[in-house]
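Chemist: Okay, predicted coordinates and the sequence, questions at the end:
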Amino acid sequence: MSELEISNITKDYGATRALHPVSINVERGEFVTILGPSGCGKSTLLRILMGIARPSAGEIRLAGTRIDPLPPETRDIAMVFQSYALFPHMSVGKNLSFGLRMKNVPSPERARRIEHALEICNLTGLVERMPRQLSGGQQQRVALARAIVMQPRLLLFDEPLSNLDAKLRDTLRQELVYLHRRIGTTSIYVTHDQAEAMAMSDRIVVMDGGRVVETGTPLDLYRAPTRAFTAGFLGQTNLLTADADGTRARLPWGQLVALSAQAKGIARVSVRPETIAIRQDDTGAGTVTSVSFMGANALYTVGIAGTTLKVSQAGGESLIAAGSRVSLDFNGALHLLKDRELPEAA
Amino acid sequence: MAVVAETLPKARARVFHEDDRLLVSAGLYAALGLTIALPLVLMFLWSVADGWAPPNVIPRDYTLSRWLDMIADPGLLRAALNSTVIAVVVTFATALIALPTAWAMARFPFRLKRLVEIFILAPVIIPGLVVAVGIGQVFLFLGLSYSITGVILVQIVGTLPLMIRLMTATLETIPDDLIHAARSLGAGTVGVVLHIILPLAVPGLLAGGLLSFIGSFEEFDKSFIVGAPVVETLPIKLYTFLDPYSLQLPIASIIAFILLLPALIVFVIAGRILRDDLMAAGMGKL
Amino acid sequence: MQAALHDRKIQLALLLLPGVGYLVLFFGGPLVSALIGSLRLDDGSFTLQWYERIFTRATMLRGLQTSIYYGVAPVFVSLLVSIPLALLIRQNFWGRKLFNGLYKLPMAVPGIIVALMVIIMAERGGFIDRVIAPFGVSMPKLVRDEWGIGVILATVWKQIPFMTLIITSAFAGIPEDIRHAARSLGASRLNTFAFVEVPLAMPGITAAILLTFIGSMGSYAIPDIVGSPSPRPLSVLMLFEFGEGRFAQVYAMGMVLSLFAVVVLLAYYALTANIGVNRAKGDE
């Protein structure tokens, strides 16, 4: 039995369906990220988990107990909000003790737990401060401390880093990962930032259009996505239609490349830009249409047989000028997708 | 209002059930009808009743003659004219005086700003009666006692604070970038004021203007002290008919309606323009 | 740079001049002259006798009490209606939008007309009396009565919309997330309301209380028309003294009324100083 079992949860707003039956299992101590573009249903799912929205159907169990009919205050779930949602009229200490008071935790234990939460969130010395006297990063830490001081069974994060600048975001991301390893609370983290998801999670649940698209470890989802949406959302990719013949497939411009799995007939495939090698070749089939030098690598777009490919070249002594003719070598296999159709723009 | 109290326990429910909603609506509208509509209707009945002796719940005979008499009364006509002229002048003068000051309060950082803010608020805090008796001396010295000008001047003291606060709240929301952008596109100071600031200040100006107009039209305490008995406005006229010893409900009701009508019309228009958030920004914090 | 700074200062002064200047001339000036007048005898010598009389004469003392009573009592009644009403109208019910516009109507009705309505409705022999007469019940005296019920009715009628409007906005200004955070931390609906929403709405609520208190404490028309002839509030007594031409006494009474208002304002600042929500700028 999993720690958290979300089974066939749906949510309808009038005639529109925000969540199609969604089922997710989360193991104890796991850090799972729900990743998707805005409007994919991830926030709705989070609100349902928290208890501020009711599912239209389905059930949720936390440690075996059904929680979906329970009001939020009895669920043993704490949440870190995107807006931090600190109580502006309470000091840091009061913010932290609020939940403990509400749950009637006795005073000595309250003090001990607050002390501990402040320490692991690097907030010692700020107990007396009011939220408005804190920087964005500090406010974020207080929001986190306020959640973990509850020692909940489940921690929810609603894009908690999106209001911070890039540098601070990186730092806090690392702190969060470290913190999770230390306290080991089962966590669900909602974000639209794929880099964040890949860097932090044990497992990623990719959502789109109110459905779970795919679930897996960051490495599996990046290396072997089974859906075009996943391939496109996690990092960059080229989505192509090829003519498969067993273990190999023919690309539109005639090149024969190995396939990741057996297939026959029309096949939808994904190929990462960094697995394609580009070579200047006056008789090549492709033409470089643009070059972006990114520092560690160079990103080319290559027009070939009416399609456009993204190619990433690491290192390299010199760049290939736009307009040059090139030929492409495929170092890895084409990754076979299960989609019946490809999205319009990859 | 008992109806409101009855529905209170359900107030915390985020979404009402279908029949609850109807119940709440029914309760609220019933309360509204009893407390607002009924007195207005009764007042109207009084104005057209031809005798309405105690046992009757509704008058038996009706007449329009009092209305006709009152409308033809030159004293009342003059009072109505006075009230209108005063309200219009007060509204425009208030806006004119308030605008530059509101701009300074909204856009300039300066020391003592809080102090100026409190001073501007002070006329709301100090009872109008006190201002009016105090101003009597100044007006005597300036020769403005018992003049329409005097009434206008004393009324502006009451309307100015709200207008400045509303305008400040409105002007604060204009982003600096917008003004910089206009300047970079070649607009001079006049151009910026005319094409950027004024159009964006319109909601605040309208709200403040309507409130000033109503405030002036219905103002009694200050106008009474500074103007009566020489300058008569509608509220002053009505007051003279409400003397407990010679109370004449029919005539008082007629004047009340004449006094109420413009205010109600303005209020109906205002309902669309007066945004709650704007009002709260103006008065929700002192 | 120095010149530019200088320039900006002049700009600021010029911009502030119309509004602040006007208030200095027609508000500050009269107030100061009234203050001076309240401390002078006819021959120009200094005296506190006008103030002494307010605090020693029975009518004056009762007047002072009555003013405070007319200020406080309606506020309590209004709050009892306004807070539930504010919570109710943020819910979804049929005809909510229309109600939202209609309930504010009394804000546009002059105090004198409200007094007239109270007479028509609640006076002995008035409408309510006539409606209940067939049942053998008769109205207690509600207009010009000892307890000032008529004054309270009229004042409350006029205060409720303003108060409800400000309180509604105060509650609406609290971000949803804050409510949800409180719930997820184990607070019930009631606790969330008591420990999170009410404290955060407090600046708005107290501002509404303050403004309505001051408005009704200093008002003249309503207590004069529907108030008891004895005791009369300070404002009505003031007009009486004014008519008698005892200006120094009038000024002294005005100063005492103003002092009350200022004390209440200071208490408000002290109470709300610790609440760190800057509502004016709308940032959270």
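Modeler: Looks like it came in fine.
Chemist: which residues touch whichever residue of the stretch 51-200 of chain C sits closest to chain A?
Modeler: Nearest residue of the stretch 51-200 of chain C to chain A, counting by Cβ to the nearest Cβ: residue C:185, 3.2 Å away. (Each C-beta comes from the backbone N, C-alpha and C, glycine too.) By Cβ atoms under 8 Å, 6 or more residues apart in numbering or on different chains, the contact list for residue C:185 reads A:73, A:78, A:98-99, A:102, A:146, A:150.
Chemist: how near is it to residue A:126?
Modeler: Taking Cβ to Cβ, to the nearest Å as the measure, residue C:185 falls 19 Å from residue A:126.
Chemist: Please apply the same query to residue C:222.
Modeler: Residue C:222 is 52 Å from residue A:126, by Cβ to Cβ.
Chemist: cool, and residue C:128?
Modeler: Counting by Cβ to Cβ, the separation of residue C:128 from residue A:126 is 61 Å.
Chemist: what do you get for residue A:20?
Modeler: For residue A:20 relative to residue A:126 (Cβ to Cβ), the value is 44 Å.
Chemist: okay, these two: which has more neighbours?
Modeler: Shown here are residue A:20 and residue A:126; by other Cβ atoms under 10 Å in any protein chain shown, residue A:126 has more neighbours (18 against 14).
Chemist: Near residue C:47, how many other residues are there?
Modeler: Count around residue C:47 with other Cβ under 10 Å applied: 15.
Chemist: I misspoke; the intended subject was residue C:244.
Modeler: Residue C:244: 10 neighbours (other Cβ under 10 Å).
Chemist: repeat for residue B:151
Modeler: So residue B:151, with other Cβ under 10 Å, has 31 neighbours.
Chemist: ok, longest strand in chain A?
Modeler: In chain A, taking DSSP state E as the definition, the longest strand is strand A:256-271.
Chemist: Let me see the residues that make contact with that one.
Modeler: With Cβ under 8 Å, 6+ apart, strand A:256-271 has contacts from A:224-225, A:228, A:231, A:237-251, A:330, A:332-337, A:339-342.
Chemist: And the residue of chain B closest to chain C?
Modeler: Closest point on chain B to chain C, by Cβ to the nearest Cβ, is residue B:127, at 2.4 Å.
Chemist: Surely that residue and residue C:255 touch.
Modeler: No. Counting by Cβ atoms under 8 Å, no contact exists between residue B:127 and residue C:255, whose distance comes to 10.8 Å.
Chemist: between these two, who's got more neighbours?
Modeler: Taking other Cβ under 10 Å, residue B:127 and residue C:255 do not tie; residue B:127 has more neighbours (27 against 22).
Chemist: The helix or strand harbouring residue B:198 - contacts with which helices or strands?
Modeler: Using DSSP states H and E, residue B:198 falls within helix B:198-218. Applying 3 or more Cβ pairs under 8 Å, 6 or more residues apart in numbering or on different chains; DSSP states H and E, we find helix B:198-218 packed against helix B:74-107, helix B:148-172, helix B:249-273, helix B:276-283.
Chemist: Next SSE downstream of the second one?
Modeler: Read it as helix B:148-172. That would be, after helix B:148-172 and using DSSP H and E, helix B:176-184.
Chemist: Report the buried residues of that next one.
Modeler: Residues of helix B:176-184 classed as buried by neighbour count (16 or more other Cβ atoms under 10 Å in any protein chain shown): B:179, B:182.
Chemist: just stretch A:73-91 next, same as before
Modeler: With burial defined by 16+ other Cβ under 10 Å, the residues of stretch A:73-91 counted as buried are A:73, A:75-91.
Chemist: that older thread, so which of the contacts of residue C:185 reach chain C?
Modeler: A:73, A:78, A:98-99, A:102, A:146, A:150 (Cβ under 8 Å from any Cβ of the partner chain).
Chemist: Can you report phi and psi for residue 94?
Modeler: This is for chain A. Phi and psi for residue A:94, reported as degrees, to the nearest 10, are phi -70, psi -40.
Chemist: looking at chain C here, not the other one
Modeler: The phi/psi pair for residue C:94 (degrees, to the nearest 10) is phi -70, psi 130.
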